[in-house]
Each structure stands twice: as C-alpha cells, then as structure tokens.
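Visitor: What shape does this take:
(one chain, ligands or ions: 4)
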Amino acid sequence: MTEHTDTTTDDETFTTNIYYGDDADASHIEDKTVAVLGYGSQGHAHALNLHDSGIDVVVGLREDSSSWSQAEKDGLRVTTPDDATAEADVIMFLVPDTIQPAVFEAVLDGLEEGNTVMFAHGFNIHYNQIQPPEYVDVTMAAPKGPGHIVRRDYENGGGTPALIAVEQNYTGEAKDEALAYAQAIGGTRAGVIETTFQEEVETDLFGEQAVLCGGVTSLVKHGYETLVDAGYSPEMAYFECLNELKLIVDLMYEGGLGGMWHSVSYTAEYGGLSRGDRIVDEGVRENMEDTLEEIQNGEFAREWINENQAGRPAYSQLKQRDEQHEIEAVGAPLRDLFEWEDDVNETEQTEVPADD
Ligand SMILES: NC(=O)C1=CN([C@@H]2O[C@H](COP(=O)(O)OP(=O)(O)OC[C@H]3O[C@@H](n4cnc5c(N)ncnc54)[C@H](OP(=O)(O)O)[C@@H]3O)[C@@H](O)[C@H]2O)C=CC1
Ligand SMILES: CC[C@](O)(C(C)=O)C(=O)O
Ligand SMILES: [Mg+2]
Ligand SMILES: [Mg+2]
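Guide: Ligands and ions are numbered 1, 2, ... in the order given. Below you'll find the model as predicted:
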C-alpha cells in the first residue's frame, strides 16, 4: 500500500484537500489543554486517543454522570463541564447534539479570548442553535466512523478518516490546530478531508439516514422478512441478510466494490449486478433526493429539535418498534454462540435522556 506521508493538496487524483501523516503539525495542539465534554461514543474515543497522543485532556461531565467513574478508571482527569472549560484552551463538545446548546450556555462564561470551540458534527452551528462569541475559533474534527471504532482502530495502530472545518478563525491558526487535533485522534493515519460545516452536516445527515443507518437497516429487515414470510428459518434469514452483510462490507472496505465482486461467486456477481437496481430502483433514488432536500432546507433539523423539546415521543416509539423486531431476538443468541467475543456487538448505547 502506498504510504501517504507528506501527500497534501496537490495530488491530482484528489478533488479536495486531503491530509495524511505529517501534513499535520502537532505543535499546534501538543502544549494545549483539551476539554472533552461528554464521554460517550465519540467522547471516550477522542479523550483516550488524545491522551495516548500525549495531549493534556480533561473530561467534562455532569456530577451524576454514569460515565464519570469509567473515565477516571481509564486514567483521565474528570471535572464538571464549566470547570473543564475554564481550564482548557480547546473545548470539544461531544454531548448529544440536542443537548449541546444548553451545555454551551452553561460553559460560555468560561470561554476566554483565543480559545477554540470544537465539534464532531456541525448541526448546532449550521442550524444556528449555538452562536459562539467572536473572540474564539470555531472548528470541527469529525471522524467518519462510530466512536467505538475510532478508539479500536487507534489502539490497533490504525485510524478512522475524518473531516476538518473552520467556521470562525479568530486566531488565524484555526485550521492548523484542527488538523493537529485530527492527527492526535488518529485521523491522518487514514485521511483528513478539509470541508465546511454545511457540507459536513448535510452529507453526514444524508449518509446516516439514507445509507449507513436508515437505509441499510431497512434493507436488512425487508430481506429478513421476505425470507421468513416465504417459510425459510429465521436463523437462515439472519445469517444471510444481517450477519453476512459485515463480511461483504469488509471486502468493499478493503478493496472497493471490485474487491467484493472478486471474492464472491460468479453466480452472486451476475445475480447482484442484474437484480440490484430492481431492488434499489429509481423510486429509492427519488426518496434519497427528497431526504437530502429535507436536510438542506432545515426541515429535518426543525423536526429533530421539536421532537426533543416534546420529550422524544416519536423517537421512543420508533426505537421500541425496532428493538422488538424479530431479527433482534433471533440474532442475540446466535451472536452469543460465536466462539469469540466481539465487544463492538455488545457495546452498550449510552441511554440519553430527552433534553435535560
Ligand atoms: N456516535 C458517533 O459515532 C458519532 C457522533 N458524532 C457527534 O458526536 C457528538 C456526541 O455524540 P455521541 O458520542 O454519539 O454521544 P453519546 O450519546 O454517545 O454520549 C453522550 C455523552 O454526553 C454526556 N452527557 C449527556 N448529557 C449531558 C449534559 N447535560 N452535560 C454533560 N454531559 C452530558 C453523557 O454522559 P452521562 O449521560 O453519563 O452524563 C455521555 O457521556 C454529537 O455531536 C454527534 O453528532 C459524530 C460522529 C460520529
Ligand atoms: C453514521 C452515523 C454517524 O454519523 C457516524 C457514526 O458517523 C453518527 O452520527 O453517529
Ligand atoms: Mg457520521
Ligand atoms: Mg452523524
């Protein structure tokens, strides 16, 4: 594999600025204190990766936080969000998106001239839910991967691609610091793309709704239900439509679509190439375009903000319906019978109460 060490912006194969390895200058963050507010999926990964990269990290959590003891057990300093902010140079907001505005207000007085306010998703800046003062930098370091993988890959010497963006550059060094932060969490090991808050928000919301979380789980459930309704065993349907998906996607992750097609049978290759667009047809493409439109015009953001202000009634109902899908009851014992333990499968999702 070609080692991308000093490859920066000029490679004609890239259509945007992508940074690797020593393109980042660690001196822009190595002498700073970073407050990581939140210790959930992204929070624990950023805090531990930064810490292992030699950065002074302080975690900011509620005093009754269920994450507090774990963060201390992991060897990190922990305090309240306002105290963490008061001592830090960089404040990374890794609490749930709909809680960030309240947490921001709570720590605002602790922000000093020249501090940096950072995010791993631009929702609250792009949709104007948080408006930082003009005397700070506002930047983003957004891994393109779930937090538990961001941590696991870092520990294994790997990295998760990430995005950086600068919304406000009060110090004139915002981009260099954001790139150094992305390096410290392992992003430059895989590639760091320079973007904008708007582009990150719109592509991330679209990706998680249309492909990565919404689209793919709907495809899996429909495939499972089609087989079970036709009389095949639930266990067969689970292994075919859910478990093997990881194995297929692993091949795509390693070698693109061609890497997967090369490994499967000719029968599967012909069947997939000839029937794939029947399954995901033009109607699905139109649905994708409608979904993107709702993101771009702010309709989804307003819906999600209102949903949280109402105490998450629709979210709770949708979540309960998904948890009760037969595929979950069928899959759990089958995973337990695997001869190895895969802690990612057993990752507890941090239960997040509606707006506090
Ligand atoms: N999940 C992911 O992989 C990705 C997430 N992101 C972004 O990262 C950010 C964080 O998301 P995610 O890591 O999923 O969040 P999680 O829900 O996993 O973690 C939330 C954390 O915030 C803490 N918390 C909740 N409420 C408060 C509060 N009022 N004050 C202080 N701490 C609080 C929780 O601790 P406790 O409840 O114990 O107090 C918990 O540690 C979001 O902006 C998200 O969009 C970006 C890329 C990927
Ligand atoms: C795919 C979902 C995600 O955007 C992510 C892990 O990147 C998220 O918000 O969790
Ligand atoms: Mg994402
Ligand atoms: Mg997201």
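
Visitor: Could you report the distance from Ser316 to Arg302?
Guide: According to Cβ to Cβ, to the nearest Å, Ser316 and Arg302 sit 19 Å apart. In this view, the C-beta of every residue, glycine as well, is placed from N, C-alpha and C.

Visitor: Would you mind listing the outside residues contacting the strand or helix carrying Gln42?
Guide: Gln42 is part of helix 41-52 when elements are defined by DSSP states H and E. If you take Cβ atoms under 8 Å, 6 or more residues apart in numbering as the criterion, helix 41-52 is touched by 34, 36-37, 39, 57, 59, 67, 70-71, 74-76, 92, 94-95, 120, 141, 143, 146-148, 150-151, 154-155, 181, 184-186, 349-350.

Visitor: Pull out the buried residues from that helix.
Guide: 41-52 (16 or more other Cβ atoms under 10 Å).

Visitor: Just put these in CSV and tack on distance to Leu205 and pLDDT.
Guide: Output for the buried residues of helix 41-52, formatted as CSV (distance: Cβ to Cβ, whole Å; pLDDT from 0 to 100):
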residue, distance to Leu205, pLDDT
Ser41, 17, 98
Gln42, 16, 98
Gly43, 20, 98
His44, 23, 98
Ala45, 21, 98
His46, 21, 98
Ala47, 25, 98
Leu48, 27, 98
Asn49, 25, 98
Leu50, 26, 98
His51, 30, 98
Asp52, 30, 98
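
Visitor: what residues are up against Glu134?
Guide: Per Cβ under 8 Å, 6+ apart, neighbours of Glu134: 168, 170.

Visitor: May I have the secondary structure class of it?
Guide: coil (DSSP: H, G, I helix; E, B strand; the rest coil).

Visitor: From here on, call the first residue 174.
Guide: That works, and once the first residue is 174, the last one we named lands at Glu307.

Visitor: Ile191: how many residues sit nearby?
Guide: For Ile191, the neighbour count with other Cβ atoms under 10 Å is 19.

Visitor: Please verify my assumption that it contacts Thr368.
Guide: No: using Cβ atoms under 8 Å, Ile191 is not in contact with Thr368, being 10.4 Å away.

Visitor: joint contacts of the two?
Guide: Going by Cβ under 8 Å, 6+ apart, no residue sits against Ile191 while also sitting against Thr368.

Visitor: sorry, back to before: let me know the closest of the buried residues of helix 214-225 to Gln493.
Guide: Ser214 (21.0 Å; Cβ to Cβ).

Visitor: farthest residue from the center of this protein?
Guide: The centre of the chain is farthest from one residue, Gly404, which by Cα atoms, centre = their mean lies 37.5 Å away.

Visitor: ok, now how distant is that one from ligand 2?
Guide: 34 Å (Cβ to the nearest ligand atom, to the nearest Å).

Visitor: Shouldn't that residue be within a strand?
Guide: No: applying three-state DSSP, one finds Gly404 to be coil, outside a strand.

Visitor: give me phi/psi at it?
Guide: Here is the backbone geometry of Gly404 (degrees, to the nearest 10): phi 100, psi 0.

Visitor: Great, nothing more from me.
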